[in-house]
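Enquirer: show me how the following folds:
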Amino acid sequence: MMEVTLTCEECGSGVQLAPKVATTDAECHVCHHHHPVAFTSADEEGKLETCPCCQRKDFYKQKDFNRKIGVILFVIAAITSIWTYGISFIVLYVFDFILHRYLPEIAICYKCNTIFRNVANIDELHGFNHEMNDRIIYADHDFQGKQLEH
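Expert: Residues are numbered from 1 along each chain as shown. Next comes the predicted model:
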């Protein structure tokens, strides 16, 4: 079953939901702010077509790993490379390679950054596209789920 994690607009904490057509509202457990959501029957089946939070169809996929932890590990490897003569970067590369092979992929909405886990049609999604992200965030462009190609 697909899991949805949206970000609270008020406090920034994560609000986790299981998609059900009857659910029309998500409450943040920290600040008790209510977020309107609209799930479809496809969401209940685990197929991602439309974001239940912003009603957009533009998603990208990535590995399910916290970016902040990745940056912290890189900084630690960079600092320790002074004493290890760069071996710490090799250790970090091996660790990253192992994580990349075994971590599952998640889908993320370009517009509202809602995270979707256990998506049935994850293979239909493309990786992150910087130009699409900039057009969606800064110009409010709607690609209707189509990948930007030149």
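
Enquirer: in a helix, L148, correct?
Expert: No - according to DSSP: H, G, I helix; E, B strand; the rest coil, L148 belongs to no helix; its state is coil.

Enquirer: surely P104 touches D64?
Expert: Yes - counting by Cβ atoms under 8 Å, D64 is a contact partner of P104 at 5.3 Å. Placement of C-beta: from N, CA and C, glycine included.

Enquirer: what touches both of the two?
Expert: Common contacts of P104 and D64 (Cβ atoms under 8 Å, 6 or more residues apart in numbering): R117.

Enquirer: buried residues in the helix ranked longest in the chain?
Expert: With secondary structure taken from DSSP state H, the chain has its longest helix at helix 67-84. Within helix 67-84, the residues that count as buried by 16 or more other Cβ atoms under 10 Å are L73, A77.

Enquirer: could you give the average pLDDT over that helix?
Expert: On average, the pLDDT along helix 67-84 is 94.

Enquirer: which strands or helices does that helix pack on?
Expert: Packing partners of helix 67-84 (3 or more Cβ pairs under 8 Å, 6 or more residues apart in numbering; DSSP states H and E): helix 87-102.

Enquirer: after the helix it packs on, next one along is what?
Expert: Downstream of helix 87-102, the first helix or strand assigned by DSSP states H and E is strand 105-109.

Enquirer: direction included, what does that following strand pair up with?
Expert: strand 59-63 (antiparallel), strand 115-117 (antiparallel) (DSSP bridges).

Enquirer: tell me the most buried of the ones you listed?
Expert: strand 115-117 (a mean of 19; mean count of other Cβ atoms under 10 Å).

Enquirer: quick check: mean pLDDT of that strand?
Expert: Strand 115-117 shows a mean pLDDT of 95.

Enquirer: contacts for stretch 130-147?
Expert: Stretch 130-147 is contacted from outside by E49, R56, K57, D58, F59, Y60, Y110, K111, H126, N129, L148, using Cβ under 8 Å, 6+ apart.
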